[in-house]
Structure formats: C-alpha cells, structure tokens
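Asker: Fold the following.
(2 chains)
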There are 2 protein chains.
Amino acid sequence: MISPSVDNLVAQLTRLPGIGTRTAQRLAFHILRASGDEAAALSAAIAEVKERVRFCSECGNLTEDETCAICLDARRDHTVICVVEQPVDVVSLERTAEYRGLYHVLGGALSPLDGVDPGDLRIDELIRRVESNGVAEVVLATNPNMTGEAKAAYLADRLRGRVRVTRLASGLPVGGDLEYADEVTLGRALSGRREI
Amino acid sequence: MISPSVDNLVAQLTRLPGIGTRTAQRLAFHILRASGDEAAALSAAIAEVKERVRFCSECGNLTEDETCAICLDARRDHTVICVVEQPVDVVSLERTAEYRGLYHVLGGALSPLDGVDPGDLRIDELIRRVESNGVAEVVLATNPNMTGEAKAAYLADRLRGRVRVTRLASGLPVGGDLEYADEVTLGRALSGRREI
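Answerer: Residues are numbered from 1 along each chain as shown, chains lettered A, B, ... in the order given. The predicted model follows:
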C-alpha cells in the first residue's frame, strides 16, 4: 500500500500469533518511526535466537548449551520429572516457584489433528530417562484440553508400573467465580474435592 | 529466564507498542517454533524497511523513491492538499477511497508536551507548496484531540488568506449510539448539524 518493503514487513508481522493486519500495520509504523538502532536490535534479536537456541539433549527444553540450566542444577530434585507439551510451559511452571524437580518437554507436536503421532513426541526419551536415572515420580502437566488429556492418558499407560505417575489438579481457577465456571471445570472441581 | 538470546528477544519485542511481557514471550516462542526461513524473513523485513523507506521530498509521506506514488499520480487532484500528522494517517484516509487529492505529512512530532515546536513540523514546506503549485484547498486532517486541534488552529492562522482551509467534520461515529457518545462529540455533532 505504501511501499513494497512496508507491505512485506506487515505481511511478515501478520504471521505472528494474535497479530492482525491493523496491529501489524501499527507495529510496522512504529518500527519505521523508531531509531535505526532499535530496529537493528530487534532484527538481530530474531536472527540470533534462531541461531543460538537449541533443544536440551536431556529434557528437550530450550537452551543455548548442550544441556539446559535446569537439568544441570544439582540443587533441584532429580527424582521428579514434570512432563509438559511446550518449552513455554516450563516458563509458566517456573514462575509459580512451587516446583523444584526436572522437566521433560514433549515438544514440536501440536495436535493429532495436524497429523502428529506419538512417535513425533519425545516419549521414548522420557521412558529411557525414567528407567535409567532413578526417577520416583512423573508429573503429567500436559494441557487440560482434549489433546493434552489424550497425551496424558497415553503417557500414563506407557509409564504404568515403572514409576509413580501424577496429573496436575483440575478445578476452579483461583480468583474465579463459581458463577462463571464452565460445567466441566466445575465438575472436575467437585470430583477432585479435598478435605480441609 | 531461558537463555540470554530469548530474554533479549523478549526485551526487544516489549519495546513495540501494545506488546507487554506476556505477549512478547508468546511471540518469542512462536519465532522459536517457526521455520528458520520464516524467522529470517521477519528479521530481514525489519532491517530492509529501515534501509529502503524514506520520506517523500514533496509531501513527507513514506516512500522508497525520491517522490511518493501519490504525488506522482497525475490522475489525482493536485489542487487539494490534505494535511495529516503521521504517515499512518495517509493509509487510513486512502482506505476510505473518498479522497483523490494530495497529502502533506507534518511528521516526526508527537506533542508540544514532548518539546516539539512548530519548527519541527513540515509547515514551511506546506506554505511553499500552497504558494507555488496552484493549490485551491487545504484540508486539515490532524487528529481531533488537543494537540491535533492546536496544530489545526496554528495552520489555519498561517494559511489564512492564501488558500481555502477546511477541517474534517467532527461528530458521531457511524454505527455508534447517541447513548454512548461523550458530551464533547455529541456537542460537535449538534453544532455541525446539516440539512438533509
């Protein structure tokens, strides 16, 4: 609309999640107004992250080294492994400061609908870690949606008898209202009720 | 949190308007998951836009050439100039398909509060264009907020007697409800009422 390079930037930005044409345009105009240094820093940061970041050979989390900082941390509990779908889930769990064990990132795959089968997930690596490293518990922290539950069920089957397998609790979000909870969540909160 | 290069990318993305830490993180993880080609294309698009795009020597709009496509278009009405604050405003006005004249982008400056005085705006260039090119009308399309109104008043003063000066109509947004209109807008809609 303005010039081929601006149109191209808007098109590239639109490929990012949650960025529509209007937002992409606003971002593009910001980049155009920004200093050359700021734009260069953003451009370089994108290229750099793809060059430097790779998967931890142990847990599949993102790292710039062979093994990630969490796997290398001797102060963490190496007998517990928390299984998550994506590296971003590790960030969410770390933010709680409640968990001191290790992680296992299933990775890459998003959904069976997209033609992803268990072979694409890092499941054999998980079994190997459980069997060889004295792991006492595997916490299944896949998403509480259809594909996440399917993965959890499949993993529970594979791990049964080898190790204690647990699943993150489902229930009412803290700060939420009963009135606005959907019936499935409320049902889970009921069936998972605990003594106080 | 994950690695220096991811942290740096999140920091760079957070500098964009409307992008908080959570969104920046989501975008960073998308870039990490994306193909190398997609990330390279985005990185290159940002660098390229800063290299290629410059201001039109005539109107101050963005262009990749000496003069922008609108100024060069002989089918447009060269006797009308619409004055806007930012290049993005040209895009908004072009989208209406109602305007067939030329533009003049005041540019750069955001607000007198940020220490911008009229000298930083491309006002002398506007006067020169009006005087030398047989311009019959200048449409003031600065934003209908405090600084935009101030700019419009200042420009109207400077242009008085040289050319017909008009201002975009203020009033109710189409599709809006009277009930939800603020009193200033509703007052403008009243004082600007037209015969039907």
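
Asker: CA atoms for contacts and neighbours, from now on please.
Answerer: Fine.

Asker: where does the residue of chain A found nearest chain B land in three-state SS?
Answerer: Closest contact between chain A and chain B, by CA to the nearest CA, is at A:Ser43 (4.4 Å). Reducing the assignment to helix, strand or coil with DSSP: H, G, I helix; E, B strand; the rest coil, the entry for A:Ser43 is helix.

Asker: contacting residues for the nearest residue to it once chain neighbours are set aside?
Answerer: Using CA to CA, 6 or more residues apart in numbering or on different chains and skipping the chain neighbours, the partner closest in space to A:Ser43 is B:Ser43 (4.4 Å). With CA atoms under 8 Å, 6 or more residues apart in numbering or on different chains as the criterion, the residues that contact B:Ser43 are A:42-44, A:46-47.

Asker: From start to finish, how long is stretch A:186-196 in a straight line?
Answerer: Length of stretch A:186-196, first residue to last, CA to CA, to the nearest Å: 18 Å.

Asker: list the buried ones in that stretch?
Answerer: A:186, A:189 (16 or more other CA atoms under 10 Å in any protein chain shown).

Asker: can you check stretch A:2-13 too?
Answerer: Residues of stretch A:2-13 classed as buried by neighbour count (16+ other CA under 10 Å): A:2-3, A:5-13.

Asker: Next, find the distance separating A:Leu106 from B:Arg162.
Answerer: 71 Å.

Asker: out of those two, which sits in the more crowded spot?
Answerer: Neighbour comparison, A:Leu106 and B:Arg162: the larger count goes to A:Leu106, with 24 against 13 (by other CA atoms under 10 Å in any protein chain shown).

Asker: For that one, give me the pLDDT.
Answerer: Model confidence at A:Leu106, given as pLDDT, is 91.

Asker: Tell me how far it lies from B:Gly18.
Answerer: Between A:Leu106 and B:Gly18 the distance is 32 Å, computed by CA to CA.

Asker: ok, now A:Arg75?
Answerer: Following CA to CA, the distance that separates A:Arg75 from B:Gly18 is 38 Å.

Asker: Is the strand or helix carrying A:Ile31 in proximity to chain B?
Answerer: Secondary-structure assignment from DSSP states H and E places A:Ile31 in helix A:21-33. Yes: judged by CA under 8 Å from any CA of the partner chain, helix A:21-33 comes into contact with chain B at A:26-27, A:29-33.

Asker: who's in contact with the residue nearest to A:Gly36 when sequence neighbours are not counted?
Answerer: Sequence neighbours aside, B:Lys50 is the residue nearest to A:Gly36 in space, at 6.8 Å (criterion: CA to CA, 6+ apart). Neighbouring residues of B:Lys50 by CA under 8 Å, 6+ apart: A:31-32, A:36, A:39.

Asker: In three-state terms, label B:Lys50 for me.
Answerer: Classification of B:Lys50 into helix, strand or coil gives helix, according to three-state DSSP.

Asker: quick one, longest strand in chain A?
Answerer: Ranked by residue count, the top strand of chain A under DSSP state E comes out as strand A:77-84.

Asker: State the mean pLDDT of stretch A:131-146.
Answerer: Rounded to a whole number, the mean pLDDT of stretch A:131-146 is 90.

Asker: neighbouring contacts of that stretch?
Answerer: Outside of stretch A:131-146, the residues that reach it under the criterion CA under 8 Å, 6+ apart are A:78-85, A:129-130, A:148-149, A:151-152, A:162-168, A:170.

Asker: Recalculate using a threshold of 7 Å.
Answerer: Contacting residues not belonging to stretch A:131-146 are listed as A:79-85, A:148-149, A:152, A:163-168 [CA atoms under 7 Å, 6 or more residues apart in numbering or on different chains].

Asker: just stretch A:164-182 next, same as before
Answerer: Counting by CA under 7 Å, 6+ apart, residues outside stretch A:164-182 touching it are A:136-141, A:156, A:185-186, A:188-189.

Asker: Give me the ChimeraX select line for the contacts of B:Lys50, limited to the buried ones.
Answerer: Buried members of those, identified by 16+ other CA under 10 Å, are gathered into one ChimeraX selection as follows:
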select /A:31,32,39
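
Asker: CSV for the contacts of B:Lys50, including pLDDT?
Answerer: As requested, the contacts of B:Lys50 are exported to CSV (pLDDT from 0 to 100):
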residue, pLDDT
A:Ile31, 93
A:Leu32, 90
A:Gly36, 88
A:Ala39, 94
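
Asker: Reformat the contacts of B:Lys50 into a markdown table and put distance to B:Thr96 next to each item.
Answerer: Supplementary listing: these in a markdown table, determined by distance: CA to CA, whole Å:
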| residue | distance to B:Thr96 |
| --- | --- |
| A:Ile31 | 25 |
| A:Leu32 | 23 |
| A:Gly36 | 32 |
| A:Ala39 | 30 |
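
Asker: Please enumerate the strands of chain A.
Answerer: Taking DSSP E as the criterion, chain A carries its strands at A:54-55, A:62-63, A:77-84, A:101-105, A:137-140, A:164-167.
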